[in-house]
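K.L.:
Got a predicted structure plus its sequence, pasted below:
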Amino acid sequence: MKNIRCKDMGGVCEFVVKGDTATEIALRAMNHYREMTDEEHRTIVKRIEACTSEETSLWRSDFQKQFDAAPDIKAS
């Protein structure tokens, strides 16, 4: 299990996203962005939805490296 903050994924807040895989964290982060009602989070959703498949693949590759470098934590 790893923790990554919204802010560390290009977001704007300190919300912590937990997950066992990079994909799990990315999906939970997207849910977080969509649940927030402030303009900053809405802008992130729009930016993500406007990405080309190439841009998305590049982001996933970069995020996988970030996920791999994040320390493992104990699930609580």
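P.N.:
Received it, and whenever you're ready, just let me know what you need.
K.L.:
would Thr23 count as being in a helix?
P.N.:
Yes: assignment of Thr23 by DSSP: H, G, I helix; E, B strand; the rest coil places it within a helix.
K.L.:
okay, now it: neighbour count?
P.N.:
Here the number of neighbours of Thr23 (other C-beta atoms under 10 Å) works out to 13. No exception for glycine: its C-beta is placed from N, CA and C like everyone else's.
K.L.:
and the gap between it and Thr37?
P.N.:
26 Å (C-beta to C-beta, to the nearest Å).
K.L.:
low-confidence ranges in this structure?
P.N.:
When residues are selected by pLDDT under 70, those of the chain lie in 75-76.
K.L.:
Run through the strands of it in chain order.
P.N.:
2-5, 16-19 (DSSP state E).
K.L.:
Output those as CSV; include the columns distance to Leu58.
P.N.:
Output for the strands of the chain, formatted as CSV (distance: least, C-beta to C-beta, whole Å):
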stretch, distance to Leu58
strand 2-5, 18
strand 16-19, 20
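K.L.:
got those as TSV, with distance to Thr43 and mean neighbour count columns?
P.N.:
Converted to TSV, the strands of the chain look like this (distance: least, C-beta to C-beta, whole Å; neighbours: other C-beta atoms under 10 Å):
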stretch	distance to Thr43	mean neighbour count
strand 2-5	18	17
strand 16-19	18	16
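K.L.:
Out of those, the one nearest Phe67 is which?
P.N.:
When those are compared by C-beta to C-beta, strand 2-5 sits nearest Phe67, at 6.3 Å.
K.L.:
Which secondary structure elements does the closest one sit against?
P.N.:
Strand 2-5 is packed against strand 16-19, helix 22-35, helix 53-69, with contacts defined by 3 or more C-beta pairs under 8 Å, 6 or more residues apart in numbering; DSSP states H and E.
K.L.:
So which of the ones you listed is nearest Val45?
P.N.:
Nearest of the helices and strands packed on strand 2-5 to Val45, taken as C-beta to C-beta: helix 22-35 at 5.0 Å.
K.L.:
Remind me what the closest one packs against, helices and strands.
P.N.:
strand 2-5, strand 16-19, helix 39-49, helix 53-69.
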